[in-house]
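S.K.: No sequence on hand, only this structure:
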Ligand SMILES: NC(=O)C1=CN([C@@H]2O[C@H](COP(=O)(O)OP(=O)(O)OC[C@H]3O[C@@H](n4cnc5c(N)ncnc54)[C@H](O)[C@@H]3O)[C@@H](O)[C@H]2O)C=CC1
Ligand SMILES: O=C(O)C(=O)COP(=O)(O)O
């Protein structure tokens, strides 16, 4: 058995290191014609990878291994007959770190100190804590549970709402009740920090619409590391000033430089960098290695979220 595997960057090939005998590893960024008619595993570029999928038209591909967890939009660009695996688990720790960083920065008003530093301005504030705050975590899959595991040592009062809990016994989390999503409006009324980790797509589109946003208590912090489409951005802008927000994901990405969110008071933005850290490449490489080993052994690959249609 032999396999042809393509990765989009030399750095990822380096992270992958030595591959088993019989595996031909090539660097292909999908901007040039496919290097072979048959490729067993194709790894498209990170971010914006969906448009590159057209390069797979007419190529016999065993598995398309994405580098993201979210795969909204992929089905529309994936040539028929190809199957797609996502990068579930790869970005969980990194995205959870960012979510906690955004919460800490917004609660303790770190941007204010960063701004005052060049002026040598001593500007103490009596800030919101993370300790003892009532945190409502929306979504309890890999990312949500990784956030819970990191938040609990901060001594927060944690409530979780989701359709289902994908993992059981995530390290660091004891038994947590998961409330059904239809309890969301009632749970919101009591929340001081709300953290969104749901996937995008039709079912969750504008879940936080004008009505739900208006039920968030005054001064509460809305954190979104799931997908921008979860929140009606126009409605959020109308609520700004009353509630605070820390957002890593947006309905339109990149967020245009003239967008009012950039300058809205009480809004902290990061440019969709939840998964973008040094943890990523070695973890993606580990996942690719698993897929190679499974395919060499004639086993099904893991993480297939779009079976060959
Ligand atoms: N900011 C960033 O850079 C990153 C963002 N993400 C986003 O985070 C999302 C979640 O990732 P994981 O936790 O690994 O996914 P997952 O599939 O493990 O968990 C999703 C959670 O959302 C819940 N859920 C899904 N659809 C729902 C619905 N319609 N109503 C109520 N609950 C629903 C599930 O029950 C589960 O608790 C990804 O789909 C991606 O969009 C992921 C990685 C990095
Ligand atoms: O893993 C994810 O879902 C992420 O959000 C990060 O990457 P993406 O923007 O989906 O390419």
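M.R.: Arrived safely, thanks for sending. None of these values were measured; they are calculated from a predicted model. Ligands and ions are numbered 1, 2, ... in the order given.
S.K.: Over to the residue of the stretch 51-200 of the chain found nearest ligand 1: give its phi and psi.
M.R.: Residue of the stretch 51-200 of the chain nearest ligand 1, by C-beta to the nearest ligand atom: residue 141 (1.7 Å). (Glycine included, C-beta is placed from N, CA and C.) With angles defined as degrees, to the nearest 10, residue 141 sits at phi -90, psi -150.
S.K.: ok, is stretch 293-309 in contact with ligand 1 or not?
M.R.: No: applying C-beta under 6 Å from any ligand atom, one finds stretch 293-309 separated from ligand 1 by no less than 8.9 Å.
S.K.: which residues sit against the least confident helix or strand in the chain by mean pLDDT?
M.R.: Using mean pLDDT, DSSP states H and E, helix 49-52 stands out as the lowest-scoring helix or strand of the chain, at a mean of 81. Helix 49-52 has contacts (C-beta atoms under 8 Å, 6 or more residues apart in numbering) with 29-31, 44-45, 66-68, 73-74, 76-77.
S.K.: Narrow these to just the buried residues.
M.R.: The neighbour count (16 or more other C-beta atoms under 10 Å) marks 30, 44-45, 66-68, 74 as buried among the contacts of helix 49-52.
S.K.: if we look at ligand 1, which of the residues you listed are close to it?
M.R.: The subset of the buried ones among the contacts of helix 49-52 within reach of ligand 1, by C-beta under 6 Å from any ligand atom, is empty.
S.K.: Just list the residues touching the residue in the stretch 201-309 of the chain that ligand 2 sits nearest to, thanks.
M.R.: Relative to ligand 2, the nearest point of the stretch 201-309 of the chain is residue 275 (4.1 Å; C-beta to the nearest ligand atom). Residues in contact with residue 275, defined by C-beta under 8 Å, 6+ apart, are 68-69, 87, 90-91, 94-95.
S.K.: Would you mind giving the secondary structure of it?
M.R.: Using DSSP: H, G, I helix; E, B strand; the rest coil, the structure places residue 275 in coil.
S.K.: thinking again about what came up before, which of the contacts of helix 49-52 sits closest to residue 175?
M.R.: residue 68 (30.5 Å; C-beta to C-beta).
S.K.: that older thread, the residue of the stretch 51-200 of the chain closest to ligand 1 against residue 170, yeah?
M.R.: No: here residue 141 lies out of contact with residue 170, judged by C-beta atoms under 8 Å, at a distance of 10.0 Å.
S.K.: Surely residue 265 is in a helix?
M.R.: No: going by three-state DSSP, the assignment for residue 265 is coil, not a helix.
S.K.: contacting residues around it?
M.R.: Residue 265 neighbours (C-beta under 8 Å, 6+ apart): 240-241.
S.K.: Could you number the chain from 17 rather than 1 from now on?
M.R.: Happy to do that; since the first residue is 17 now, the last one works out to residue 281.
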